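Participant: Mind folding the following:
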Amino acid sequence: MSTLAPGERPASDRLLARAQEIGQAEMARVLARTRGSAALFQRAARTLPFGVVSSFQKMQPYPLYLTRGRGSRVWDQDGAEYIDFHCGFGAMMVGHAHPRILEAINEAASRGTHFAVTTETAVAYAEELCRRFNLEMLRFTNSGTEATMDAIRVARAATGRDVVCKIEGSYHGHHDSVMFSIVPNADLMGGRDRPASAPVSKGMVKDAARYIQVVPFNDAEHLARVLEERGRDIACLIMEPAMMNVGIVVPEPGYLRRVRDLCTKHGVVLIYDEIKTGCTIAAGGATERFGVQPDLVCLAKAIAGGLPAAAFGGREDLMRLIERGVSQMGTYNGNPLVSHVGLVTLTEVLTGDVYRRLARLGSRLVQGCQAAIDRHRLPAHTVDLGAKGCVSYRPTPLKDYRDFLDTRPELFAASYPWLLNRGIFMTPGDEEQWTLSVQHTEAEVDRYIEVFGEFCATLAA
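Facilitator: Coordinates of the predicted model:
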């Protein structure tokens, strides 16, 4: 029997109504003070689809455009200043205009930015990445998409198999091999026992779904059944060792080890997509943090101080296939500019002391946000993972993508403009997370906690 008084709404309904009220009011403030971004959008939309350079950046009714960044701060088209917790989806772990990074850019540029010939700096950069991630050999690319595409090609060549196994709800770049079962697929995902392999883009090869197998995260027994059924067809399993496309989902104890053993048993190449986790959650990324070594690792974002560098590497026997018929090319691969800046980033900026400091800042931020959530009894939780962290609007931690469907996007939709109007720049989607940079301070973390706490109090009022 209901305990509600006549006309009284359930607490969850009241919370969502309050979130909608806050979101509308705060977004109206955003639109009123970002006329410069609105004007630039009108201009950009005539040349760029959605008015942006990548579809991830599109927003309604228009995105915020930035003009510059320094330290941990960025400024928008209207001159408003923000503390940047977005950090370019994690690429700007060094912060903006870091003095040593600027110096390194000038050093490399003065010697020449491109030769289409390998330099000693590129060799040293590859050696450092191999050292950090325990790789035997490595090749450079220019984006995470290229890295995952090339790693899958190597895996197919090594096994003579065609099917790619991927985690439900994960994003691994926008090439046809992996453009399946990503966040927008919620209405096409099939049953939990047999997740569907629905494409998320038009223009893909019509029978591409034949070559994809989707499995849930944190369910090794499901993977075991799939590999028993069709392991002889599967070339590789590509996965984020900690899911980073639905907030953050941490692997359960023993899960990665079991995945490693299953892939070895069935001759399946295990590929870690460390585009987001690499260098952010530990010096050697998830490979170091969780202690389970894959066959191949894909890297990008934080590895080059904000410049467009990426790489993949791993076992020598796999990488040597590039010498025996696997095509892997790129005019700008490992160019002297990104190689020098990347090497400086890894050896002089992202040092051991920095990781210890970022761990302290991350814990401070998560504890402050969690305290506000608990104080106001909101259906949310926090995740702390090195320089990465997030608030997910669900009472308990996520195990897999389907748990993400239980989150309350309406609460995030209210929080985003609230933070923005109070000088906190964050990723615009509830599936993302914050990144701390080496230039963030305790005072700036405390400011985030203060603003978020005010949001929680207002939401719960």
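
Participant: So, low pLDDT: which residues of this structure?
Facilitator: The chain contains residues with pLDDT under 70 at 1-11, 184-189, 193, 196.

Participant: Please enumerate the strands of the stretch 351-461 of the chain.
Facilitator: 381-385, 388-392, 424-425, 434-435 (DSSP state E, counting those that start in this stretch).

Participant: Dump those strands to TSV, plus mean neighbour count and distance to residue 412.
Facilitator: In short, each C-beta sits where N, CA and C put it, glycine included. Output for those, formatted as TSV (neighbours: other C-beta atoms under 10 Å; distance: least, C-beta to C-beta, whole Å):
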stretch	mean neighbour count	distance to residue 412
strand 381-385	20	13
strand 388-392	25	8
strand 424-425	24	13
strand 434-435	26	13
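
Participant: Distance to residue 310 added to those, as TSV?
Facilitator: Shown next, in TSV, are the strands of the stretch 351-461 of the chain (distance: least, C-beta to C-beta, whole Å):
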stretch	distance to residue 310
strand 381-385	21
strand 388-392	18
strand 424-425	24
strand 434-435	17
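
Participant: So which of those is nearest residue 443?
Facilitator: strand 424-425 (13.2 Å; C-beta to C-beta).

Participant: Which positions in whichever strand or helix holds residue 230 come out as buried?
Facilitator: Using DSSP states H and E, residue 230 maps to helix 220-230. For helix 220-230, the neighbour count (16 or more other C-beta atoms under 10 Å) marks 220, 222-224, 226-227 as buried.

Participant: Mind giving me the packing neighbours of it?
Facilitator: Where contact means 3 or more C-beta pairs under 8 Å, 6 or more residues apart in numbering; DSSP states H and E, helix 220-230 is packed against strand 163-167, strand 212-215, strand 234-239, helix 255-266.

Participant: Kindly present these as CSV, with separate columns for distance to residue 24 and mean neighbour count.
Facilitator: Listed next are the helices and strands packed on helix 220-230 as CSV, based on distance: least, C-beta to C-beta, whole Å; neighbours: other C-beta atoms under 10 Å:
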stretch, distance to residue 24, mean neighbour count
strand 163-167, 35, 25
strand 212-215, 37, 22
strand 234-239, 38, 26
helix 255-266, 41, 18
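
Participant: returning to that earlier point: of the buried residues of helix 220-230, closest to residue 211?
Facilitator: Among these, residue 226 lies closest to residue 211 (C-beta to C-beta), at 14.4 Å.

Participant: now the closest one: how far from residue 264?
Facilitator: Noted for residue 226: a distance of 15 Å to residue 264, by C-beta to C-beta, to the nearest Å.

Participant: just residue 270 next, same as before
Facilitator: Counting by C-beta to C-beta - residue 270 and residue 264 are separated by 8 Å.

Participant: Okay, helices next: where are they in the stretch 1-150 of the chain?
Facilitator: Counting by DSSP state H, counting those that start in this stretch, one finds helices in the stretch 1-150 of the chain at the ranges 11-33, 35-44, 99-111, 120-133, 144-159.

Participant: wait, residue 251 sits on residue 242?
Facilitator: Yes: between residue 251 and residue 242 there is a contact at 6.2 Å, judged by C-beta atoms under 8 Å.

Participant: Which residues are in contact with each of those two?
Facilitator: Common neighbours of residue 251 and residue 242 (criterion: C-beta atoms under 8 Å, 6 or more residues apart in numbering): residue 290.

Participant: how far is stretch 400-417 from where the chain is centred?
Facilitator: What separates the centre of stretch 400-417 from the centre of its chain is 16 Å, taken as C-alpha atoms, centre = their mean, to the nearest Å.

Participant: which of the residues in that stretch are buried?
Facilitator: Applying 16+ other C-beta under 10 Å to stretch 400-417 flags 400-404, 407-408, 410-417 as buried.

Participant: Next step: those restricted to helices.
Facilitator: 401-404, 410-417 (DSSP state H).

Participant: Now do the helices in the stretch 201-350 of the chain.
Facilitator: Listed in chain order, the helices of the stretch 201-350 of the chain (DSSP H, counting those that start in this stretch) span 220-230, 255-266, 285-290, 316-319, 336-344.
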